[in-house]
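next input, structure requested:
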Amino acid sequence: MQVQELYERIGGERVLRKFVDAGSQVPNSRILWKTDEELSLAAPNLGLNGIYLSNIRYEPTVAIGGTCLLATGDLECILKGNLPSGEKIDKTKTVESISGWMRANLPRMDQIRDSVAALNIDRYAVVFEDSFFAELVTKQFELSTTERKELQSTFQELGMKCLGMINNWLNYARGTPAQVSYVFSSSVENDLQSKVLEIAEKTGNAAFATVRKSAINTMYTQLWADILAKESAIGTQDSVICAEPMQHLAEVLWSERDGYRGAIQQYLKRNPWGIAGDNERFSAYGFLPCIVPSENGGSTFSRYRPATEVISAGNNQYLFERYNEELFPIYRSRLVADTLNYLYFDNEAMSDIYELNRVNETLIAKKRNAKQTSSNGNNGNLQDVLSRIKNDASEESREIGTRLKEKLTNCYRAVYGGDV
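A predicted model of the protein is given here:
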């Protein structure tokens with residue numbers, strides 16, 4: 001529970017409560033957060049960041065997920081006319097400008113880790129949403145058909161880079177080899193739209209077919225698994241578990257909001273995940289996405305930050321600049337946050353987190369005591385005393401910090417290959 005409490009401190013307890021509330025709507029579901037310490041599908045410690053597990057009627061044989069080829073923080077910059085690195089996009093060669101930045105800086109580590117959960121399953125399938133992001137950028141910059149094709153080609157190129165790294169990540173996190181298949185959204189658009197129409201007809205909600213997001217929402221049903229089987233990404237007899245960050249599942253479960261027309265929510269109420277019916281061979285697992293500390297009360301999900309603020313293919317300096325910052329308080333430490341993000345399966349790393357938490361609590365108690373003593377007129381310069389207390393804690397934890405930095409470096413090397 002200590003790890004989950006630290007997740008809450010960094011990620012925001014209110015946000016996590018919303019996730020739990022979303023999951024509790026679904027019949028026969030299990031809320032894993034602070035209730036089940038182990039996920040039955042997970043090897044030891046792989047379920048530490050698990051929040052939600054739907055009912056499972058048939059044991060899953062393949063886990064499915066997807067990769068957002070532009071994280072929200074990067075997409076927002078680009079749609080405003082800027083590269084995430086800060087430069088203005090050259091409007092005379094928009095595609096060249098965006099593609100050049102993508103090739104030099106992506107994928108991000110959080111893109112890889114959040115594509116699909118590492119579970120005690122050997123086979124995985126992911127979708128790369130090349131056409132979705134190409135369409136968003138094309139509309140914003142009014143690109144020509146030729147330019148759109150060029151941009152979509154860049155997204156596909158990035159998808160193939162991600163494929164190898166997702167495989168590397170799953171191998172590293174699980175400790176055993178994984179098999180990862182894939183599809184591009186552009187190759188299944190017609191089939192997916194036909195499934196959208198099917199849900200619209202079954203729910204009597206014609207508006208569902210007019211919303212672009214409906215295609216993505218449909219990916220959280222057996223109808224999507226049928227498409228994957230048609231594309232040979234999974235087998236026709238496979239039972240799947242959709243293993244994605246919990247906010248994706250929450251969007252589907254709360255689809256009456258935000259203009260999603262609610263049809264998918266109606267459909268899932270009639271055909272819940274993992275229960276006899278249309279989705280009996282389709283179950284769902286939601287985990288906490290990558291988090292970062294927030295100094296100003298902003299979002300604590302790393303996907304909302306630009307690539308310059310996270311580990312990515314083009315941002316090696318981050319490791320040395322951010323991880324050398326103060327460890328305390330630990331809920332503001334990037335080193336601690338990324339240990340939770342990328343080493344949650346490592347028993348030794350989690351033991352180090354427990355120890356840092358102990359030191360942090362001792363630090364808080366000593367500071368509180370020093371302030372109380374000072375208020376009684378029995379202390380010297382309070383700031384000097386507080387500084388010494390913090391320095392003592394930092395010195396006590398120096399070896400842990402060094403060890404965690406080395407472990408994270410090894411993890412990144414395993415995923416990206418070569419030097420970080």
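
C-alpha from now on. contacts and neighbour counts both.
Fine.

distance of N45 relative to L39?
To L39, N45 is 8 Å away according to Cα to Cα, to the nearest Å.

whoops, M350 was the one
For M350, the distance to L39 - Cα to Cα - is 17 Å.

F287 now?
If you measure F287 against L39 using Cα to Cα, the figure is 11 Å.

cool, and M246?
Between M246 and L39 the distance is 15 Å, computed by Cα to Cα.

please apply the same query to T138.
For T138, the distance to L39 equals 42 Å [Cα to Cα].

and stretch 172-191, what's buried?
Residues of stretch 172-191 classed as buried by neighbour count (16 or more other Cα atoms under 10 Å): 172-174, 178, 180-186, 188.

again but with stretch 73-83, I slipped
Buried residues in stretch 73-83, counting neighbours by 16+ other Cα under 10 Å, are found at 73-79, 81-83.

between all of those residues, which two are separated the most?
Within the buried residues of stretch 73-83, G73 and G81 form the most distant pair, 13.1 Å apart (Cα to Cα).

neighbouring contacts of stretch 270-285?
Residues outside stretch 270-285 that contact it (Cα atoms under 8 Å, 6 or more residues apart in numbering) are 26-27, 50-58, 60, 221-222, 225, 238-244, 246.

which ones among the residues you listed are found in strands?
Counted as lying in strands by DSSP state E, out of those, are 50-53, 240-244.

looking at those, spot the one nearest E142.
Lowest distance from E142 to the ones in strands among the contacts of stretch 270-285 (Cα to Cα) belongs to E244, with 32.2 Å.

number of nearby residues for that closest one?
Neighbour count of E244, defined by other Cα atoms under 10 Å: 26.

contact partners for it?
Each residue near E244 by Cα under 8 Å, 6+ apart is listed here: 64-66, 114-117, 285-287.

most neighbours among these, which one is it?
Busiest of the contacts of E244 [other Cα under 10 Å] is A117, holding 29 neighbours.

for that residue, which non-adjacent residue is closest in space?
A243 (5.2 Å; Cα to Cα, 6 or more residues apart in numbering).

dig out what that neighbour forms beta bridges with.
Going by DSSP bridges, A243 is paired in beta bridges with Y285.

pretty sure it contacts V62?
No - with contact defined as Cα atoms under 8 Å, A243 does not count as touching V62 (9.8 Å).

which one's more surrounded, the two?
Neighbours per residue (other Cα under 10 Å) separate A243 from V62, with A243 holding more: 28 against 22.

can you pull the contacts of the more buried one?
63-65, 116-117, 284-287.

mind putting the buried residues of stretch 172-191 in a markdown table, distance to I216 included?
Compiled in a markdown table, the buried residues of stretch 172-191 are given as follows (distance: Cα to Cα, whole Å):
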| residue | distance to I216 |
| --- | --- |
| Y172 | 29 |
| A173 | 27 |
| R174 | 28 |
| A178 | 25 |
| V180 | 20 |
| S181 | 19 |
| Y182 | 16 |
| V183 | 14 |
| F184 | 13 |
| S185 | 10 |
| S186 | 12 |
| V188 | 12 |
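
helices - which of the residues you listed land there?
Applying DSSP state H to the buried residues of stretch 172-191, the entries found in helices are 172-174.

for K93, state which of the residues you listed is nearest.
Taking these together and measuring to K93 by Cα to Cα, the closest member is Y172, at 39.2 Å.

wait, the closest one touches Y412, no?
No - Y172 is beyond contact range of Y412, at 9.9 Å (criterion: Cα under 8 Å).

and the helix or strand containing A215, what does it pack onto?
Using DSSP states H and E, A215 sits in helix 213-218. Helices and strands touching helix 213-218, by 3 or more Cα pairs under 8 Å, 6 or more residues apart in numbering; DSSP states H and E, are helix 189-203, helix 263-270.

could you redo the last one with a cut-off of 7 Å?
Secondary-structure packing of helix 213-218 (3 or more Cα pairs under 7 Å, 6 or more residues apart in numbering; DSSP states H and E): helix 189-203.

before we move on, back to that, who has more neighbours, M350 and L39?
The residue with more neighbours, out of M350 and L39, is L39; 22 against 19, by other Cα under 10 Å.

please identify the helix or strand for that one.
Counting by DSSP H and E, L39 is found in no helix or strand.

hmm, it is touching G47, no?
Yes - with contact defined as Cα atoms under 7 Å, L39 reaches G47; the gap is 5.1 Å.

point out where this protein drops to low pLDDT.
Low-confidence segments of the chain, defined by pLDDT under 70: 1, 37-38, 255-261, 296-299, 375-380, 419-420.

can you show me the strands along it?
Counting by DSSP E, residue ranges of the strands within the chain are 30-31, 50-53, 62-67, 123-128, 179-184, 240-245, 282-287.

so which residues make contact with the second one?
Outside of strand 50-53, the residues within contact range by Cα atoms under 7 Å, 6 or more residues apart in numbering are 20, 23, 29-33, 284-288.

now, among these, which is nearest to K91?
In terms of Cα to Cα, no member of those lies closer to K91 than L288, at 37.5 Å.

next, the contact list for that closest one, please.
L288 is in contact with 49-51, 245-246, counting by Cα under 7 Å, 6+ apart.

apply 6 Å and report the result again.
The contact partners of L288, taken as Cα atoms under 6 Å, 6 or more residues apart in numbering, are 49, 245-246.

need those residues in JSON lines with neighbour count and distance to Q383, can you?
JSON lines is the format used below for the contacts of L288 (neighbours: other Cα atoms under 10 Å; distance: Cα to Cα, whole Å):
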{"residue": "N49", "neighbour count": "26", "distance to Q383": "38"}
{"residue": "P245", "neighbour count": "24", "distance to Q383": "42"}
{"residue": "M246", "neighbour count": "22", "distance to Q383": "42"}
